[in-house]
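Peer 1: Sequence first, then the predicted structure, then my questions.
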Amino acid sequence: MNTSYPFEKPIYITRPLLPDLNEVKKKLQEVWDSQWLTNNGPQHQLFEGKLKEVLKVPCLSLFNNGAIALIVACQSLRLSGDVITTPFTFPATPHVLMWNNIRPIFCDIDPVTMNIDARKIESMITPQTTAILAVHVFGTPCDVVAIQHVADRYGLKVVYDAAHAFGVETGGVAIGTCGDISMFSFHATKLFHTAEGGALTFKDKNLKSRIDLLKNFGIKNEEEVVMPGINGKMNEIQAVMGLILLEYIEEEKKKRKNLLDTYKKCLKGVEGICFCSSAYDNAPGIKSSYQYLVIRIDEKLFGKSRDYVYEEFKKYNIFTRKYFYPLCSDYTCYRQLPSSSSANLPIAHKVVKEVLCVPFYGGLSVGDVERICTILKSFR
Ligand SMILES: Cc1ncc(COP(=O)(O)O)c(C=O)c1O
């Protein structure tokens, strides 16, 4: 018997984590009292210090969003020419390269982690290559050791788009300490957010002043502007949001872990459905971001395609996402690049047809997840 029926209210893949409004009002009063709204104010300074501890990184700079942070990361390392990246990511990743007048070179992905395949990077390197821009997709850590190895051999910089990887650890190491620079996004869809916001983390203390100049128009003091910077500054209201939400993260992760266990229990043994990332399993040495819950649907085994499931879910008031479809290499602005050919990216083309992000946020109940799974199983 099919017991599935539509949800009364729409269920989205995520809902922003919102703190107690009274707590926000109290903290905003401090901002009002200070009459300091942006430009490295007291809340910004406090938040930057706290976040450094939470992310276990030696250096950190806050930004107004992740995309601008990543643009500044490329500027600060003076990247140019070609940069090797992944086609299976959010549009911001290759766009940031274009904003730096850099050509993205798309490298195929690993069939399991869905991150850039470190084994294939070397074959993409040319004299024009200056860096690798890798993404910890869905919070699953890249093979950071192999990537560093190839970068060191060819004298390349490594930048990580860690937009999904808040709090992730790999091999017991904080993800924000890998490579030359990592970027975190604090967009409202992220586990930890400041409505809009982001940060760069890095080990080289000398980079801090350059990054902070670049995010403030290159203004050194009242009489000197020393480089063509941009406005990448996080404001005091964003910083307040961040300071408050830092206290909510562990509780939210616990709720998400419970929901993950429920998904796994309900979908266990369903042929053609698998869970994507090892990160969610909290394998030894790995700490998950609990950012997304991602399943892969094998059409042959499940009997229905990912696209069918995505469309059918809507009839039940469930709105999933086909992240990251289409591949960046298929966008009109990139498809003419030689590295965008499908012959170069066979795994990415396979994966992008199978992946589906399903509802996953602390406000969902175990009952909601059980119902979503019942509905999914009814599609077979
Ligand atoms: C992988 C990835 N990179 C970059 C970004 C851009 O971050 P932001 O939205 O904070 O600008 C996102 C956005 O969500 C993302 O998912």
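Peer 2: Here it is on my side, so go on.

Peer 1: how far does the helix or strand where Q45 lies sit from the chain's center?
Peer 2: For Q45, the host element (DSSP states H and E) is helix 42-54. Distance of helix 42-54 from the chain centroid (CA atoms, centre = their mean, to the nearest Å) equals 21 Å.

Peer 1: buried set for that helix?
Peer 2: For helix 42-54, a neighbour-count test (16 or more other CB atoms under 10 Å) marks 43-44, 47-48, 51-52, 54 as buried. To be clear about C-beta, it is placed using only N, CA and C from the backbone, and glycine gets the same treatment.

Peer 1: so can I have TSV of these showing distance to L37 and pLDDT?
Peer 2: Converted to TSV, those look like this (distance: CB to CB, whole Å; pLDDT from 0 to 100):
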residue	distance to L37	pLDDT
Q43	10	98
H44	10	98
F47	14	98
E48	16	98
L51	20	98
K52	23	98
V54	24	98
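
Peer 1: what about K377, how many neighbours?
Peer 2: Per other CB atoms under 10 Å, the neighbour tally for K377 reads 15.

Peer 1: any idea how far it lies from the ligand?
Peer 2: Distance, K377 to the ligand, by CB to the nearest ligand atom, to the nearest Å: 29 Å.

Peer 1: So for that residue, what pLDDT did the model give?
Peer 2: Looking at K377, its pLDDT is 96.

Peer 1: again, but for G171
Peer 2: For G171, pLDDT reads 87.

Peer 1: Which residue, neighbours along the chain excluded, lies closest to it?
Peer 2: Distances taken as CB to CB, 6 or more residues apart in numbering put G285 closest to G171, at 4.8 Å, once the chain neighbours are dropped.

Peer 1: Where does that neighbour sit: helix, strand or coil?
Peer 2: The local conformation at G285, judged by DSSP: H, G, I helix; E, B strand; the rest coil, is coil.

Peer 1: got the contact list for it?
Peer 2: Applying CB atoms under 8 Å, 6 or more residues apart in numbering to G285 gives the contacts 169-172.

Peer 1: Buried only: go through the residues you listed for me.
Peer 2: Among the contacts of G285, those classed as buried by 16+ other CB under 10 Å are 169-170.

Peer 1: need the contacts of G285 in a markdown table with secondary structure and distance to the ligand, can you?
Peer 2: Converted to a markdown table, the contacts of G285 look like this (DSSP: H, G, I helix; E, B strand; the rest coil; distance: CB to the nearest ligand atom, whole Å):
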| residue | secondary structure | distance to the ligand |
| --- | --- | --- |
| E169 | strand | 19 |
| T170 | strand | 17 |
| G171 | coil | 22 |
| G172 | coil | 24 |
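
Peer 1: Save the contacts of G285 as CSV, and put in distance to G218 too.
Peer 2: Shown next, in CSV, are the contacts of G285 (distance: CB to CB, whole Å):
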residue, distance to G218
E169, 35
T170, 35
G171, 37
G172, 38
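
Peer 1: Nearest to M241 among the contacts of G285?
Peer 2: E169 (24.4 Å; CB to CB).

Peer 1: what about the nearest residue to the closest one once chain neighbours are set aside, distance to the ligand?
Peer 2: Closest residue to E169 apart from its sequence neighbours, by CB to CB, 6+ apart: K287 at 3.9 Å. According to CB to the nearest ligand atom, K287 and the ligand sit 19 Å apart.

Peer 1: so what's K287 up against?
Peer 2: Going by CB under 8 Å, 6+ apart, K287 touches 167-170.

Peer 1: Mind pulling up the pLDDT for whichever residue of the stretch 1-150 of the chain sits closest to the ligand?
Peer 2: Residue nearest to the ligand within the stretch 1-150 of the chain (CB to the nearest ligand atom): G66, separated by 2.8 Å. Turning to G66, the model gives it a pLDDT of 98.

Peer 1: Wait, it touches F186, no?
Peer 2: Yes. With contact defined as CB atoms under 8 Å, G66 and F186 form a contacting pair (7.2 Å).

Peer 1: packing partners for whichever helix in the chain runs longest?
Peer 2: Longest helix in the chain by number of residues (criterion: DSSP state H): helix 249-267. Judged by 3 or more CB pairs under 8 Å, 6 or more residues apart in numbering; DSSP states H and E, helix 249-267 is in contact with strand 273-275, strand 293-297, helix 366-378.

Peer 1: mind running it again at 6 Å?
Peer 2: If contacts are counted by 3 or more CB pairs under 6 Å, 6 or more residues apart in numbering; DSSP states H and E, helix 249-267 sits against helix 366-378.

Peer 1: Helices along the chain, start to end?
Peer 2: Ranges of helices within the chain are 21-34, 42-54, 66-76, 92-99, 118-121, 144-154, 207-214, 236-245, 249-267, 299-302, 306-315, 346-351, 366-378, based on DSSP H.

Peer 1: Show me this structure divided up by domain.
Peer 2: Domains of the chain are assigned by automatic domain parsing as 21-247, 248-378.

Peer 1: next one: the first one to chain centre, how far?
Peer 2: What it means is domain 21-247. Mean C-alpha position of domain 21-247 versus that of the full chain (CA atoms, centre = their mean) differs by 10 Å.

Peer 1: related to what we said a few turns ago, with respect to K9, which of the domains of the chain lies nearest?
Peer 2: Judged by CB to CB, the one of these that comes nearest to K9 is domain 248-378, at 7.0 Å.

Peer 1: where does the stretch 101-250 of the chain dip in pLDDT?
Peer 2: Within the stretch 101-250 of the chain, no stretch has pLDDT under 70.

Peer 1: and it, which of its residues are near the ligand?
Peer 2: Residues of the stretch 101-250 of the chain lying close to the ligand (CB under 6 Å from any ligand atom) are 135, 161, 163-164, 185, 187, 198.

Peer 1: Distance to I147 added to those, as JSON lines?
Peer 2: Listed next are these as JSON lines, based on distance: CB to CB, whole Å:
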{"residue": "V135", "distance to I147": "11"}
{"residue": "D161", "distance to I147": "13"}
{"residue": "A163", "distance to I147": "17"}
{"residue": "H164", "distance to I147": "17"}
{"residue": "S185", "distance to I147": "20"}
{"residue": "H187", "distance to I147": "25"}
{"residue": "G198", "distance to I147": "22"}
